[in-house]
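A.B. asks: this one's structure only:
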């Protein structure tokens, strides 16, 4: 009795799996009548686009502008010790004068409007600025060279990253296509085994084994598709545009 119930439960499970596989097979056959293929742009186009829209590279270039401005400021820093001063005054000028000749004492007060001005030139020699000027200019030049080198390093890093992602995407596409073909063959084989099983040619143990193999193929297919989509979206995000999709018979 227990053996009979065990065989009956397996048969029920088999019928359910058969119906599910039939629906998936018909859907797959409709979709597999056309092969999906992505037309990837040339590698250099992707590299140029990624470099153009890189926020980090843009930051590096702006930093070059900052240190170049600092260098220009250091080159004219000495002018702060040289200058021209001017002063002007306008108003009422009062003069008071006395005259004592021994006989009489005379006092006089005069008031007049006057405009007075003065212009002068000054030159200072701070000892620290004089001794440190050469080092300040050298430091500013090194900062400019450092900023330029960092920008080139960032550009090279972007180029290498794009190359790795591009080649990885091509590999993921090939693996996805291999898994897709394997799944298609596996489903066709499963359909044939199902017919033979219904006709009593294939034992239930063989049917269950083939069904498990097909399920593993489906899992491998889904994993390969997920990895391919992830690799494609990462490279598209870096390049800033979506790669074209074509369907070919």
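C.D. replies: Alright, I've got the coordinates. Everything numeric here is computed off the predicted structure, so don't read it as measured data. Numbering: from 1, shown residues only.

A.B. asks: Spatially, and excluding backbone neighbours, which residue is closest to residue 53.
C.D. replies: residue 240 (4.6 Å; Cβ to Cβ, 6 or more residues apart in numbering). Just so you know, the C-beta spots here come from the backbone N, C-alpha and C atoms, and that holds for glycine as well.

A.B. asks: From one end of stretch 67-86 to the other, what's the distance?
C.D. replies: This stretch, stretch 67-86, spans 35 Å end to end (Cα to Cα, to the nearest Å).

A.B. asks: Might you report the residue contacts of residue 151?
C.D. replies: 57, 60-61, 63-64 (Cβ atoms under 8 Å, 6 or more residues apart in numbering).

A.B. asks: So, low pLDDT: which residues of the protein?
C.D. replies: 1-38, 91-97, 100-105, 107-109, 122, 125, 128, 130, 245-249 (pLDDT under 70).

A.B. asks: can you pull out the helices in it?
C.D. replies: 2-32, 43-52, 55-75, 127-198, 204-239 (DSSP state H).

A.B. asks: Export the ones you listed as TSV, with columns for distance to residue 106.
C.D. replies: Formatted as TSV, the helices of the chain follow (distance: least, Cβ to Cβ, whole Å):
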stretch	distance to residue 106
helix 2-32	124
helix 43-52	91
helix 55-75	64
helix 127-198	57
helix 204-239	98
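
A.B. asks: Relative to residue 87, which of those helices is closest?
C.D. replies: Residue 87 sits nearest to helix 127-198 of all the helices of the chain, at 26.2 Å, using Cβ to Cβ.

A.B. asks: And the closest one, how far out from the chain middle?
C.D. replies: Averaging C-alpha positions (Cα atoms, centre = their mean, to the nearest Å) puts helix 127-198 11 Å from its chain's average.

A.B. asks: Distance of the residue nearest in space to the middle of the chain relative to residue 147?
C.D. replies: For the chain, residue 54 is the residue whose C-alpha lies nearest the centre (Cα atoms, centre = their mean; 4.8 Å). According to Cβ to Cβ, to the nearest Å, residue 54 stands 16 Å off from residue 147.

A.B. asks: Residue 137 too?
C.D. replies: 16 Å.

A.B. asks: So those two - more neighbours on which side?
C.D. replies: residue 147 (19 against 14; other Cβ atoms under 10 Å).
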